[in-house]
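>>> Just a sequence and a predicted model for now, questions to come.
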Amino acid sequence: MNRIINTVNRPSFALSLCLFFTLFVSGQNSVKLLPTNDQITAKVDEYMKAALQVDGFSGTVLIARDGKPIVSRGYGMANTELNVANTPETVFRLGSVTKQFTSMSIMMLQERGKLNVSDPICKYFADCPDSWKPITVRNLLTHTSGITNYTGFADFAKTTIMPITTAAMADRLKREPLEFTPGEKYAYSNSGYYLLGAIIEKTSGKLYADFLQENIFTPLGMKQTGYDDPLRIIMNRAAGYQKQAGKVINASYMDMSVPYAAGSLYSTTGDLLIWDQALYTEKLVTRKSLAEIFAPWKGDSGYGYGWNIGKQFEHRQISHGGGIYGFATQIARYPDDRVTVIVLSNIQGAPVGIIANNLSAIAFGGAYEIPKERKEISLDAKVLEKYVGEYQIGTNIMVAITLESGKLMGQLGGQGKFLILPESETEFYSKDVNAQIIFIRDAAGIVTGFTLKQGGGSTPSKKVK
């Protein structure tokens, strides 16, 4: 779902070294020594201390090699009101990290002959519109269906408190025009994974939550993982928070039928390490199915089935982030090195992707940056007024920027406003959502849009009003 709003993730609903483990650099005669466990621990302590001071990070982090933790620690508060600290046992909502469990369920059902990823989705949904007839299950898995992202609906923020059924969601999506011809391109869409949950239920005869519990969590011994439900007593559950105008507040409520198979699960760093290690085995599916899961669509989108596939520091990386009300998450796997980095936060919009990348750099002895405070400058109100207006991200996500008491404020839909502070005349930042906003002006000085930099990614927008 969208990171700037941090609902389930993006125009959106996230890994023991030997003392002298060596890495041979391809094409060179030199050998690079990787840092020792003690060196990694010391650098992580230094980095996370800065992350707490600068970004106000709250959550847990884990770095492991060969399934054995090097660093596994909690930072900040699991519940500020009750003065309960985060620990490695703290439970967090996962947001879009849920998607990898949804895709695994689809592959398990394919191996059992219950479905095929080449099946048209109209096989599983009644009254399919003609535009849906070319869409396959694989299109949903790879975000290539063209179905609009429901977390970008204008009324999304207003409807998140209300329960919704899979039938009701499917009916609404059927009424929306496709954004592009199925299979033509990639566009991240939580809608596809919502529909995959409905397909899992139809083909398995079980509720989505029950299928995952019986076929993944219980067999693997993931005792602190499941489908979130605010009515259940979940031991060590973290409270979710968000930042608004520089202050930490309780996160908005979201009924968990809304994120569903796109972002409804909860877990711990320890349980996610169990999951990570299972993916090196055939405990759940065959190696053939695993290879299919981890193969990027057409080799150019960088997305497989519920995972981003790529490279980081010249190491093959399989990763995914998540954002949902009150939480931000990231898991990064380096399968060739058997290194795992996991960052879970109970602060909405926390820079978990950047933290995970920097912790990975520490583990590999690479370059990284310690978080530093940004410096706000003073700008005349006449300059700030030029940036007031409405901006469109993608096809249906609108961000309103207003000027209030001499400060720019951003707001997406009916959600809380976030403070935007200037670093220069065109470059701004927001500590509320851990983002940088760079406004774009044409030759005449007219503001035409902005570039959003958040979580290591860069997203353009255009000014529409």
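Structure received.
>>> In this structure, where's the longest helix?
Scanning the chain for the helix with the most residues, using DSSP state H, yields helix 37-55.
>>> what's in contact with it?
With contact meaning C-beta atoms under 8 Å, 6 or more residues apart in numbering, helix 37-55 is reached by 16-17, 19, 35, 57, 61, 63, 70-71, 73, 75-76, 350-351, 355, 358-359, 362-363, 368, 370-373, 431, 434. Every C-beta, even on glycine, is put in place using the N, C-alpha and C of the backbone.
>>> Strands - which of those land there?
If you go by DSSP state E, the contacts of helix 37-55 have 61, 63, 70, 71, 73, 75 in strands.
>>> Need the max-distance pair from those.
70 and 75 (16.1 Å; C-beta to C-beta).
>>> With neighbour numbers in mind, choose between these two.
residue 70 (22 against 17; other C-beta atoms under 10 Å).
>>> among the contacts of helix 37-55, which ones are buried?
Applying a neighbour-count criterion of 16 or more other C-beta atoms under 10 Å, the buried members of the contacts of helix 37-55 are 17, 35, 57, 61, 63, 70-71, 73, 75-76, 350-351, 355, 358-359, 362-363, 368, 371, 431, 434.
>>> now for the top strand by length along the chain, which elements pack on it?
What stands out as the longest strand in the chain, according to DSSP E, is strand 315-324. For strand 315-324, the packing partners by 3 or more C-beta pairs under 8 Å, 6 or more residues apart in numbering; DSSP states H and E come out as strand 308-312, strand 327-334, helix 352-364.
>>> tell me which residues in the first one are buried?
Pointing back at strand 308-312 there. Buried, per 16+ other C-beta under 10 Å, within strand 308-312: 308, 309, 312.
>>> how about these in CSV, adding distance to residue 161?
Output for the buried residues of strand 308-312, formatted as CSV (distance: C-beta to C-beta, whole Å):
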residue, distance to residue 161
308, 30
309, 35
312, 37
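>>> Number of residues surrounding residue 356?
Using other C-beta under 10 Å, residue 356 has 27 neighbouring residues.
>>> Quick check: it touching residue 330?
Yes: applying C-beta atoms under 8 Å, one finds residue 356 in contact with residue 330, separated by 4.2 Å.
>>> Need the overlap of contacts for the two.
With C-beta under 8 Å, 6+ apart, residue 356 and residue 330 have common neighbours 14, 319, 341, 342, 343.
>>> Surely residue 374 and residue 422 touch.
No: Residue 374 lies out of contact with residue 422 (C-beta under 8 Å); the separation is 10.0 Å.
>>> Who has more neighbours out of those two?
Neighbours around residue 374 and residue 422, counted as other C-beta under 10 Å, are more numerous at residue 422. The numbers are 21 against 14.
>>> show me the contacts for the more buried one.
Here residue 422 is in contact with 376, 377, 378, 379, 384, 408, 428 (criterion: C-beta under 8 Å, 6+ apart).
>>> Pick out whichever of those sits closest to residue 155.
residue 408 (24.9 Å).
>>> what's the burial count for the nearest residue to residue 59 once chain neighbours are set aside?
Once flanking residues are discounted, residue 59 sits nearest to residue 345: 3.4 Å by C-beta to C-beta, 6 or more residues apart in numbering. Residues within reach of residue 345, counting by other C-beta under 10 Å, total 31.
>>> mind starting the numbering at 551 from now?
Got it, first residue is 551 now, which makes that one residue 895.
>>> Look up the residues forming beta bridges with residue 895.
For residue 895, the residues forming beta bridges with it (DSSP bridges) are residue 609, residue 878.
>>> Turn the ones in strands among the contacts of helix 587-605 into JSON lines, including distance to residue 812 and pLDDT.
What follows is the ones in strands among the contacts of helix 587-605, written out as JSON lines (distance: C-beta to C-beta, whole Å; pLDDT from 0 to 100):
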{"residue": "611", "distance to residue 812": "25", "pLDDT": "98"}
{"residue": "613", "distance to residue 812": "28", "pLDDT": "98"}
{"residue": "620", "distance to residue 812": "32", "pLDDT": "98"}
{"residue": "621", "distance to residue 812": "30", "pLDDT": "98"}
{"residue": "623", "distance to residue 812": "29", "pLDDT": "98"}
{"residue": "625", "distance to residue 812": "28", "pLDDT": "98"}
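>>> In CSV, list the residues you listed along with distance to residue 804.
Below are those laid out as CSV (distance: C-beta to C-beta, whole Å):
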residue, distance to residue 804
611, 25
613, 30
620, 34
621, 31
623, 28
625, 24
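>>> Looking at residue 955 now. What's its pLDDT?
The model reports residue 955 with a pLDDT of 88.
>>> Neighbours of it, how many?
That count, for residue 955 with other C-beta under 10 Å as the rule, works out to 5.
>>> gap between it and residue 931?
10 Å (C-beta to C-beta, to the nearest Å).
>>> ditto for residue 781
Using C-beta to C-beta, residue 781 is found at 48 Å from residue 931.
>>> Looking at these two, which has the bigger crowd around it?
Between residue 781 and residue 931, counting by other C-beta under 10 Å, residue 931 is the more crowded of the two (9 against 5).
>>> so residue 951 makes contact with residue 967?
No: look at residue 951 against residue 967 with C-beta under 8 Å: they stay out of range, at 9.8 Å.
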